[in-house]
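**Student:** Structure for the following, please:
(one chain, ligands or ions: 1)
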Amino acid sequence: MRKNIVAGNWKMHKTLTESQALTTEIRGVIRDEFRSNNAEIIICPTNLAIASISKLVEGSGIKVGAQNCHFETQGAFTGEVSATMLVAAGATHVIIGHSERRQYFNENNELLSKKKKASLAAGLTVLYCVGETLQERESDTHWGIIEAQITEGLAGLNSSDMERMIIAYEPVWAIGTGKTASADQAQEVHAFIRNLLDTRFGAAIAENVSILYGGSVKPDNAKELFAMKDIDGGLIGGASLKARDFFDIVQAFA
Ligand code: 13P
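**Tutor:** Down below sits the predicted model:
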């Protein structure tokens, strides 16, 4: 059975102290108000806060993820952090291939495939992001783009790797713009991705991989999105920086 998942991507927001305060607040509302709804909760702060936050969430069921990693375990790569280091700091998840990494840091499917392999080898679960730009959607080339992101990005992975793989569909035009894909638009792409997974890995794997939607998810649209057959949760940016909004999105599964 695939899991319902709500993950918060804090991006380059919050200092260590602010991250600790937000985590304590999220932990507090979850302890006081969480109605069991089988949703897994993941928060992805700055790397600087991972070690501290991993301790703060102990016993709460909240998981901690990173937003990126290097594909080597160690070496002369100034400024980089390896998957092994993230695991040692307490991370269980890592986001790979976020559109901001693709766009601003020139990360392509081939590089992302290496990052995924390194992350899986280190024991992390990968949240792999795919999604088209506005121009690609408007020119109707988005299907090919997403297909390449899935097939090239998952190259060399086997069925057991897919047990620790979560896909996030994040249309670039919906990120931070307040413009959400409609539930039907998102469902259409999620079904397409699941179909690609079926072709590549078979029906059992395709059914078991959680596919999250990301892009302006808010408390008032989460329920409609998460109700769709192939949408198994969300990867949340802006709204994950407010404990109440993030929690209300989690509760969309209740
Ligand atoms: P917003 O929720 O702010 O649109 O960001 C989505 C996102 O990029 C999550 O990774």
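
**Student:** What residue in the chain comes nearest to the ligand?
**Tutor:** Using CB to the nearest ligand atom, Gly237 is the residue of the chain that sits closest to the ligand, at 2.2 Å. C-beta: built from backbone N, CA, C; applies to glycine.

**Student:** Go ahead and confirm Glu107 touches Arg101.
**Tutor:** Yes - counting by CB atoms under 8 Å, Arg101 is a contact partner of Glu107 at 4.6 Å.

**Student:** Now the residue most central in space within the chain: which helix or strand?
**Tutor:** The residue lying closest to the centre of the chain (CA atoms, centre = their mean) is Leu127, at 4.1 Å. Assigned by DSSP states H and E, Leu127 belongs to strand 125-130.

**Student:** Briefly note if that strand comes near the ligand.
**Tutor:** No - shown here: strand 125-130 not in contact with the ligand (CB under 6 Å from any ligand atom), separated by at least 6.8 Å.

**Student:** With stretch 165-174 instead?
**Tutor:** Yes - using CB under 6 Å from any ligand atom, stretch 165-174 comes into contact with the ligand via Glu170.

**Student:** Would you confirm that the residue nearest to the centre of the chain contacts Ala91?
**Tutor:** No - applying CB under 8 Å as the test, Leu127 and Ala91 come out as separate, 11.5 Å apart.

**Student:** what do these two both touch?
**Tutor:** Residues touching both Leu127 and Ala91 by CB atoms under 8 Å, 6 or more residues apart in numbering: Gly65.

**Student:** contact partners of the next helix or strand after the strand holding Leu127?
**Tutor:** Per DSSP H and E, the first helix or strand lying C-terminal to strand 125-130 is helix 134-138. By CB under 8 Å, 6+ apart, the residues outside helix 134-138 that reach it are 142, 145, 171-173.

**Student:** Would you quantify the distance from Glu163 to Val6?
**Tutor:** Between Glu163 and Val6 the computed distance is 20 Å (CB to CB, to the nearest Å).

**Student:** Just want to know which of those two has more residues nearby.
**Tutor:** Between Glu163 and Val6, counted using other CB atoms under 10 Å, Val6 has the larger neighbour count: 27 against 12.

**Student:** A helix includes the more buried one, no?
**Tutor:** No - going by DSSP: H, G, I helix; E, B strand; the rest coil, the assignment for Val6 is strand, not a helix.

**Student:** need the contact list for it.
**Tutor:** Applying CB under 8 Å, 6+ apart, we find Val6 in contact with 39-42, 233-234, 236, 246, 249-250, 253.

**Student:** one more time with 6 Å, if that's ok
**Tutor:** 39, 41, 233-234, 249-250 (CB atoms under 6 Å, 6 or more residues apart in numbering).

**Student:** same deal with Asp248?
**Tutor:** By CB under 6 Å, 6+ apart, the neighbours of Asp248 are Pro219.

**Student:** helix, strand or coil for the residue lying farthest from the centre of the chain?
**Tutor:** In the chain, counting by CA atoms, centre = their mean, Ala76 sits farthest out from the average C-alpha position, at 28.1 Å. In three-state terms, and counting by three-state DSSP, Ala76 is coil.
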